[in-house]
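> Provided below for reference: sequence and predicted model.
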Amino acid sequence: MENFVGTRFIYQYDNGWEYEMYIKNNTTIDYRIHSGMVGGRWVRNQKVDIVKLTDGVYKVWWTEPTGTDVVVNFMIKEKKSHGVIFFPKWVHEHPQITICYQNDFIDLMVASREKYGTYPKTIVSEFANIILMEKVGENNENIIDRATYKGMIQDIIDGKINN
Ligand code: FER
């Protein structure tokens, strides 16, 4: 997993949604959602499972405090990924509640999960193009350390921030 762990990925799903995931270590990711249904949401230290399926192909999956479940496959050589997101009913109906720095709002996520409905779930399955793949080392706290803003992806590509 040496070639995968410690890498920052920015990718755009075919539906237009732009996501950033930093594989912080074997069991942890930080992520930031630049655009899409929950654009503006960002999370640090989400516990995940990761397996290497074959050379250059990795699967990452986790379940969130919101009740959303996510599975993402990265195909490094092809610079592509594929994500499946299982949104509970409440996130699909009230996405704005989840648009925050989630680490400061865990209690609100859990309360909302209890207050609103879970079913039926909305399943979003999309391929993505990896726009940026950057080795930044493990356990770097400076990769995903602030909210997104308009133009941030270009600033990251240009090396202006988060390096
Ligand atoms: C991804 C797909 C979904 C991802 C994160 C999510 C960081 C999380 C979605 C959510 O919290 O609503 O590729 O990568």
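Thanks, I have the structure now.

> how close does the spatially closest residue to Ile76 that is not a sequence neighbour sit to Met1?
Counting by Cβ to Cβ, 6 or more residues apart in numbering, Ile76 lies nearest to Gly56, which is 4.1 Å off, once chain neighbours are set aside. (Glycine included, C-beta is placed from N, CA and C.) Distance from Gly56 to Met1, counting by Cβ to Cβ, to the nearest Å: 12 Å.

> Show me what residue of this protein gets nearest to the ligand.
Closest to the ligand within the chain is Tyr31: 3.3 Å, counting by Cβ to the nearest ligand atom.

> Now that residue: closest residue in space, sequence neighbours ignored.
Met21 (4.7 Å).

> May I ask which helix or strand encompasses the one you found?
strand 18-25 (DSSP states H and E).

> In the helix or strand hosting Leu108, which of the residues would be classed as buried?
Using DSSP H and E, Leu108 sits within helix 106-115. By 16 or more other Cβ atoms under 10 Å, the buried positions in helix 106-115 come out as Leu108, Met109, Ser112, Arg113.

> what does the chain put close to the ligand?
Selection of the chain residues close to the ligand by Cβ under 6 Å from any ligand atom yields Tyr19, Met21, Tyr31, Val38, Arg41, Glu64, Thr68, Val70, Val72, Gly83, Ile85.

> Lovely, talk soon.
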